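J.: got a structure for you, letters missing:
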């Protein structure tokens, strides 16, 4: 699924590692070029835009984790999004190569608009003329999809056969970054304006924007140097998409700048996971390379600041129990009238994929989630929750459908089912956490006594931290 990631503010009890349970994981990672050629049709603004230039490589970043009980993998693609059938083929093949269940492999896309078509604009043609035997719609780049599947499976296979697995501590830090804004403005009579088409009115767009940057860091347990950094933020990668040539350029957009800045300045590997950005854009969107660099590097600097806080306050920000888990849950939704005709059926089964790393969970949802729904999942999650999507179009709360505007007009499923989706995610997250941490599960809510926690790690810094004392034992 495409990992649109969102981080929850769930308050969790920090417990020392159980007797015999290691507070570390083993990790391996890779980076693979998945660029398309200049002249390829690129996604984002319709099915007919032809690329005329290339700024940087499109990349696939893979991260595999093993806690001694379970193994999971996250794959982050520089693509707009992928349909469920493509996701399931790649996920299943990679899971078999890794020797795990399908739900243990999560596919995510950065949502760049500077990559090829890997999701449908229309229903499948069904005329048997798709190239290379790929059952794809007319407007999916089936040749590229075939290349993508082979390249992904080869990269995963190379990691399984010869990847360097490192023992790592896992840290997590949540910060606030003012690099995005909501692109909708709703009037007093509940009519929505899509202000991407009315740039002079940008100052009116004061709607909700999730500004949380989540940073996961894998640390060397001896030196405490960062080995791998995963950043998550909600904003369409549309900064690079300037009028004319900029909108026809192959590029990873600001996620590419984020990764390069982190890696260049730390030596660590880096992955970017896009947040619930259905109605969220970066500031100065569609204004070119300078905007993409500014957003990406500002977010990267915030992640580096997070690394510093994690290093110097390990007892607060390094996970004592980084257990790994995964789960797939499903729900049924009725299609809206135009799409019942398009797809030739009344209902559709939607899939949610849950994958957790200790206190953090990824929630794969089947569409381009508006940030209000992402926040709703955060508020009801027992994890610090992220989210990920395949591509079944925009997903809006019912009141946004009533207000109208760009995102709701293309929503394919009934608006009443967005609340069912949030509840399905919530129930799945609670079930996953209870299976991973049964010792914490009870019929009563636990309320942590945070009065006993210092604001900072005092005194003695890292060497005196509770986490370090556990490692020495």
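T.: Arrived safely. What you are looking at is a predicted structure, and each value in this text was computed from that prediction instead of being measured. Residues are numbered from 1 along each chain as shown.
J.: where exactly do the helices run in the stretch 251-400 of the chain?
T.: For the stretch 251-400 of the chain, applying DSSP state H, counting those that start in this stretch gives helices covering 254-266, 289-312, 314-317, 337-343, 371-379, 398-403.
J.: While we're on residue 438, how confident is the model there?
T.: Residue 438 is assigned a predicted lDDT (pLDDT) of 89.
J.: okay if I get the helices of the stretch 251-400 of the chain as JSON lines plus mean pLDDT and distance to residue 184?
T.: The way it works is simple: take the backbone N, C-alpha and C, and place the C-beta from them, glycine included. What follows is the helices of the stretch 251-400 of the chain, written out as JSON lines (pLDDT from 0 to 100; distance: least, C-beta to C-beta, whole Å):
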{"stretch": "helix 254-266", "mean pLDDT": "98", "distance to residue 184": "21"}
{"stretch": "helix 289-312", "mean pLDDT": "97", "distance to residue 184": "20"}
{"stretch": "helix 314-317", "mean pLDDT": "90", "distance to residue 184": "34"}
{"stretch": "helix 337-343", "mean pLDDT": "84", "distance to residue 184": "22"}
{"stretch": "helix 371-379", "mean pLDDT": "89", "distance to residue 184": "10"}
{"stretch": "helix 398-403", "mean pLDDT": "83", "distance to residue 184": "8"}
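J.: how about these in JSON lines, adding mean neighbour count and distance to residue 180?
T.: Converted to JSON lines, the helices of the stretch 251-400 of the chain look like this (neighbours: other C-beta atoms under 10 Å; distance: least, C-beta to C-beta, whole Å):
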{"stretch": "helix 254-266", "mean neighbour count": "22", "distance to residue 180": "11"}
{"stretch": "helix 289-312", "mean neighbour count": "21", "distance to residue 180": "8"}
{"stretch": "helix 314-317", "mean neighbour count": "22", "distance to residue 180": "24"}
{"stretch": "helix 337-343", "mean neighbour count": "13", "distance to residue 180": "29"}
{"stretch": "helix 371-379", "mean neighbour count": "23", "distance to residue 180": "9"}
{"stretch": "helix 398-403", "mean neighbour count": "17", "distance to residue 180": "18"}
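J.: Serialize the ones you listed to CSV and add fields for distance to residue 330.
T.: Conversion of these to CSV gives the following (distance: least, C-beta to C-beta, whole Å):
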stretch, distance to residue 330
helix 254-266, 29
helix 289-312, 33
helix 314-317, 35
helix 337-343, 17
helix 371-379, 17
helix 398-403, 21
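J.: Can you mark which positions in stretch 47-58 are buried?
T.: The neighbour-count criterion (16 or more other C-beta atoms under 10 Å) identifies 47, 49, 51, 54, 56, 58 as the buried residues of stretch 47-58.
J.: Would you mind telling me which of the helices of the stretch 251-400 of the chain is nearest residue 203?
T.: Smallest distance to residue 203 across the helices of the stretch 251-400 of the chain (C-beta to C-beta): 17.4 Å, for helix 289-312.
J.: Report the inter-axis angle for that closest one versus helix 254-266.
T.: Here helix 289-312 runs at 50 degrees with respect to helix 254-266, directions being taken by axes from the mean of the first three to the mean of the last three C-alpha atoms, to 10 degrees.
J.: which ones are touching residue 324?
T.: Contacts here follow C-beta atoms under 8 Å, 6 or more residues apart in numbering; on that basis residue 324 touches 25, 65-67, 69-72, 356-358.
J.: Would you mind checking those residues for buried ones?
T.: When the contacts of residue 324 are checked against 16+ other C-beta under 10 Å, the ones flagged as buried are 25, 65-67, 70-72, 356-358.
J.: If we only consider those, which is nearest to residue 273?
T.: Of all the buried ones among the contacts of residue 324, the one with the least separation from residue 273 (C-beta to C-beta) is residue 357, at 12.0 Å.
J.: quick one: the closest one from residue 271, how far?
T.: According to C-beta to C-beta, to the nearest Å, residue 357 stands 12 Å off from residue 271.
J.: Next: residue 321.
T.: From residue 321 across to residue 271, the span is 22 Å (C-beta to C-beta).
J.: before we move on, the earlier item: now tabulate the contacts of residue 324 in TSV and tack on distance to residue 144 and secondary structure.
T.: Listed next are the contacts of residue 324 as TSV, based on distance: C-beta to C-beta, whole Å; DSSP: H, G, I helix; E, B strand; the rest coil:
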residue	distance to residue 144	secondary structure
25	34	strand
65	29	strand
66	31	strand
67	35	coil
69	37	coil
70	33	coil
71	29	strand
72	27	strand
356	32	strand
357	30	strand
358	36	coil
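J.: ok, of those residues, which one's closest to residue 166?
T.: residue 25 (9.4 Å).
J.: Which one of the buried ones among the contacts of residue 324 is nearest to residue 335?
T.: Each of the buried ones among the contacts of residue 324 was scored against residue 335 by C-beta to C-beta, and residue 356 proved nearest at 30.9 Å.
J.: That closest one is in contact with residue 431, isn't it?
T.: No. Taking C-beta atoms under 8 Å as the contact criterion, residue 356 and residue 431 are not neighbours in contact, 11.2 Å apart.
J.: Run through this structure and note the low-pLDDT ranges.
T.: By pLDDT under 70, the low-scoring segments of the chain are 1-20, 122-138, 385-391, 443, 446-473.
J.: let's see it at 50
T.: Along the chain, the parts satisfying pLDDT under 50 run over 1-18, 125-137, 389, 462-464.
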